[in-house]
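coordinates only, no sequence provided:
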Ligand code: NAD
Ligand code: 6OD
């Protein structure tokens with residue numbers, strides 16, 4: 001059987017390269033197709049195409065024209081909605097319902113949101129009187145950086161890629177995107193959409209490949225890349241930051257997390273259980289915002305552990321298209337081994353297993369996939385490695401606490417600082433605590449809800465800078481001040 005070949009998209013054409021790698025289904029280990037791997041030569045061609053497009057007619061497009069283009073991209077994704085769903089499901093093994101309601105829907109929404117924002121965006125204007133009595137006015141002009149490299153991970157492939165492509169194009173940049181080697185399909189479809197709607201050649205370029213000594217490294221080291229935006233692991237962010245230091249390029253980093261959910265005794269109990277089930281097990285725990293540390297106020301601790309256990313055991317694991325399936329596979333066998341390694345470590349560190357802790361047995365092709373049971377632990381000390389390192393799987397640890405000050409100290413005792421979720425009916429306490437948690441995003445009585453105009457990003461090891469709304473426009477553009485002596 002011949003497999004499809006996923007190619008790069010450079011200077012307005014799909015191009016193959018001689019090296020390829022397998023695209024493997026995490027559901028049953030089948031090879032879905034081949035993916036071209038870009039070397040230094042293909043990356044250079046993509047960056048050169050972007051540089052040339054920047055100095056071509058695209059450079060003269062006004063904001064309203066770019067906004068119209070973004071709307072056309074959103075329309076085209078909607079027309080091929082089910083193709084995108086199929087691509088996302090095939091690469092990741094996630095429930096088809098999630099791909100529809102979250103991944104692809106947000107892909108469309110990202111383009112529409114930034115189309116609206118760039119239409120509305122203006123500059124600053126100031127007047128002053130100079131020493132010689134003349135009137136002086138100053139205003140700002142928003143300009144693109146030029147070439148932006150966009151490097152994205154596998155966990156929410158289309159959502160996280162379009163979250164960066166949309167504002168980058170809105171601001172008039174040309175982009176070279178490198179999706180994760182584990183999820184090449186939806187990015188390739190996005191290139192097809194760009195082609196279909198007439199994005200000028202070189203404005204959007206796509207290269208496939210890996211990180212080190214492959215497309216990712218060649219792209220971040222390329223001297224003609226003006227800015228780099230990256231979502232992925234904190235360690236990778238640190239490597240990319242070193243590459244970006246050469247030439248002092250701008251960076252924006254959305255990195256890992258070890259997020260806490262804090263459940264107070266006065267919460268709406270059922271809502272908190274449902275919320276923590278979502279925040280720990282959505283996308284099999286492979287969302288940077290998932291809660292791996294759950295702190296529950298002592299009076300409701302035992303009841304909460306029992307309820308979360310019951311909820312986790314009700315989650316149906318299975319094929320993406322099965323009715324009622326709540327959790328699919330992890331992204332790969334390699335990642336499953338990493339997660340199972342943490343399960344072993346938790347045992348060695350003295351954890352009590354509440355539920356899960358292993359691999360489900362199906363007795364069919366899924367046994368060759370990358371599934372893991374939803375897993376809950378208790379009993380670990382705050383210094384255990386499993387309490388400090390990001391697992392990025394369907395797992396959480398639940399610990400009791402006795403006071404606001406104590407839980408705040410424990411939540412903040414963490415090298416990461418991405419997000420937290422508070423469950424309480426006492427909103428005054430929620431506001432008080434939110435101000436003191438060292439994270440980029442706090443949810444109160446909810447999780448994952450995002451108004452795309454709000455700033456998004458992490459503190460400490462979780463990232464650098466903020467994207468979202470005008471913060472994205474600020475990152476993806478350069479501001480020039482013009483000072484006029486009238
Ligand atoms: P990863 O860092 O391994 O890879 C991310 C991307 O970087 C991939 O495209 C990869 O090929 C590329 N890459 C790897 N090494 C590189 C190098 N040396 N130079 C250039 N590119 C390189 O991350 P992952 O495993 O794909 O994703 C999971 C991680 O992403 C988790 O840590 C998760 O928390 C994090 N994440 C963070 C956010 C956020 O918004 N903060 C969102 C999603 C995922
Ligand atoms: O909602 C977003 O815009 C966003 N960047 C989500 C990140 C999810 C991380 O896995």
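Perfect, thanks for sending it. If you're wondering where the values come from, they're calculated on a predicted model, not measured in any experiment. Ligands and ions are numbered 1, 2, ... in the order given.

show me what counts as buried in stretch 71-88.
For stretch 71-88, burial by neighbour count (16 or more other CB atoms under 10 Å) applies to 71-74, 76-77, 80, 83-88. Using the backbone N, CA and C atoms, a C-beta is placed for each residue, glycine as well.

count of neighbours near the residue of the chain found nearest ligand 2?
At 3.5 Å from ligand 2, residue 288 is the closest residue in the chain, using CB to the nearest ligand atom. Residue 288 has 24 neighbours, counted by other CB atoms under 10 Å.

doesn't it lie inside a strand?
No - read with DSSP: H, G, I helix; E, B strand; the rest coil, residue 288 is coil and lies in no strand.

residue boundaries of the strands in the stretch 151-300 of the chain?
Along the stretch 151-300 of the chain, the stretches classed as strands by DSSP state E, counting those that start in this stretch are 174-178, 204-206, 227-231, 250-254, 259-263, 291-297.

now these as CSV including mean neighbour count and distance to residue 152?
Converted to CSV, the strands of the stretch 151-300 of the chain look like this (neighbours: other CB atoms under 10 Å; distance: least, CB to CB, whole Å):
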stretch, mean neighbour count, distance to residue 152
strand 174-178, 29, 7
strand 204-206, 28, 11
strand 227-231, 25, 5
strand 250-254, 22, 10
strand 259-263, 28, 20
strand 291-297, 25, 22
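
quick one: closest of those strands to ligand 1.
Of those, the one closest to ligand 1 (CB to the nearest ligand atom) turns out to be strand 250-254, at 3.1 Å.

so what strands line up beside the closest one?
Sheet pairing of strand 250-254 (DSSP bridges) gives strand 227-231 (parallel), strand 463-464 (antiparallel).

right, and the ones you listed - which one's nearest residue 149?
strand 227-231 (4.7 Å; CB to CB).

show me the domain layout of the chain.
5-255+462-485, 259-451 (automatic domain parsing).

got the end-to-end distance for the shortest one?
In other words, domain 259-451. Domain 259-451 stretches 20 Å from its first residue to its last (CA to CA, to the nearest Å).

related to what we said a few turns ago, so what pLDDT did the residue of the chain closest to ligand 2 get?
Model confidence at residue 288, given as pLDDT, is 98.

does it touch residue 155 like I think?
Yes - with contact defined as CB atoms under 8 Å, residue 288 reaches residue 155; the gap is 7.1 Å.

related to what we said a few turns ago, which one of the strands of the stretch 151-300 of the chain lies nearest to residue 282?
The closest of the strands of the stretch 151-300 of the chain to residue 282 is strand 291-297. By CB to CB, the value is 9.9 Å.

between that closest one and strand 259-263, how big is the angle?
For strand 291-297 against strand 259-263, the angle by axes from the mean of the first three to the mean of the last three CA atoms, to 10 degrees is 20 degrees.

so what strands line up beside strand 291-297?
Its sheet considered, strand 291-297 pairs with strand 259-263 (parallel), strand 395-401 (parallel) by DSSP bridges.

dump the ones you listed into JSON lines; add mean pLDDT and distance to ligand 2 as well.
Formatted as JSON lines, the strands paired with strand 291-297 follow (pLDDT from 0 to 100; distance: least, CB to the nearest ligand atom, whole Å):
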{"stretch": "strand 259-263", "mean pLDDT": "99", "distance to ligand 2": "10"}
{"stretch": "strand 395-401", "mean pLDDT": "98", "distance to ligand 2": "16"}
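
turn these into CSV, including distance to residue 372.
Below are the strands paired with strand 291-297 laid out as CSV (distance: least, CB to CB, whole Å):
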stretch, distance to residue 372
strand 259-263, 19
strand 395-401, 8
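
quick check, central residue of this structure?
Central residue of the chain (CA atoms, centre = their mean): residue 160, 4.3 Å from the mean position.

who are the neighbours in contact with that residue?
Residues in contact with residue 160 (CB atoms under 8 Å, 6 or more residues apart in numbering) are 152, 153, 231, 254.

now, which of these lie close to ligand 2?
Restricting the contacts of residue 160 to those touching ligand 2 (CB under 6 Å from any ligand atom) yields residue 254.

of the contacts of residue 160, closest to residue 135?
Each of the contacts of residue 160 was scored against residue 135 by CB to CB, and residue 254 proved nearest at 44.1 Å.

once you drop chain neighbours, what's closest to the closest one?
residue 231 (4.3 Å; CB to CB, 6 or more residues apart in numbering).

what's near enough to touch the one you found?
When contacts are counted by CB under 8 Å, 6+ apart, residue 231 touches 151, 152, 153, 160, 164, 253, 254, 255, 288.

quick one: the third one and residue 232 touch, right?
Pointing back at residue 153 there. Yes - assessed by CB under 8 Å, residue 153 is found in contact with residue 232 at 4.5 Å.

ok, the closest residue in space to residue 274 that isn't next to it in sequence to residue 96 distance?
Excluding the flanking residues, the one nearest residue 274 by CB to CB, 6+ apart is residue 311, at 7.4 Å. Residue 311 sits 22 Å away from residue 96, going by CB to CB, to the nearest Å.

cool, residue 279 as well?
Using CB to CB, residue 279 is found at 22 Å from residue 96.

and what of residue 222?
With CB to CB as the criterion, residue 222 and residue 96 are 37 Å apart.

more neighbours: which of the two?
Applying other CB under 10 Å to residue 222 and residue 96 shows that residue 222 carries more neighbours, namely 23 against 18.

need the pLDDT of the more buried one.
Here, the pLDDT recorded for residue 222 equals 98.

equivalent analysis for residue 1, please.
44.

same question for the one 4 residues further on.
In this prediction, residue 5 carries a pLDDT score of 97.

dump the residue contacts of it.
16, 20, 33, 34, 35, 36.

just these that are near ligand 2?
Counting by CB under 6 Å from any ligand atom, no member of those reaches ligand 2.

and the furthest pair within those residues?
Every pair in the contacts of residue 5 was compared (CB to CB); the two farthest apart turn out to be 16 and 33, at 12.7 Å.

how about the strands paired with strand 250-254 in a markdown table, adding distance to residue 243 and mean pLDDT?
Formatted as a markdown table, those follow (distance: least, CB to CB, whole Å; pLDDT from 0 to 100):
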| stretch | distance to residue 243 | mean pLDDT |
| --- | --- | --- |
| strand 227-231 | 8 | 98 |
| strand 463-464 | 14 | 98 |
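
distance to residue 7 added to these, as JSON lines?
Converted to JSON lines, the strands paired with strand 250-254 look like this (distance: least, CB to CB, whole Å):
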{"stretch": "strand 227-231", "distance to residue 7": "23"}
{"stretch": "strand 463-464", "distance to residue 7": "32"}
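
in CSV, list these along with distance to ligand 1.
Shown next, in CSV, are the strands paired with strand 250-254 (distance: least, CB to the nearest ligand atom, whole Å):
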stretch, distance to ligand 1
strand 227-231, 5
strand 463-464, 5
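
which parts of the stretch 201-350 of the chain are helices?
Ranges of helices within the stretch 201-350 of the chain are 215-221, 234-245, 269-281, 301-314, 333-348, based on DSSP state H, counting those that start in this stretch.

related to what we said a few turns ago, from ligand 1, how far off is the residue nearest to the centre of the chain?
From residue 160 over to ligand 1 the distance is 6 Å, taken as CB to the nearest ligand atom, to the nearest Å.

kindly report the same for residue 454.
In terms of CB to the nearest ligand atom, residue 454 sits 13 Å off from ligand 1.
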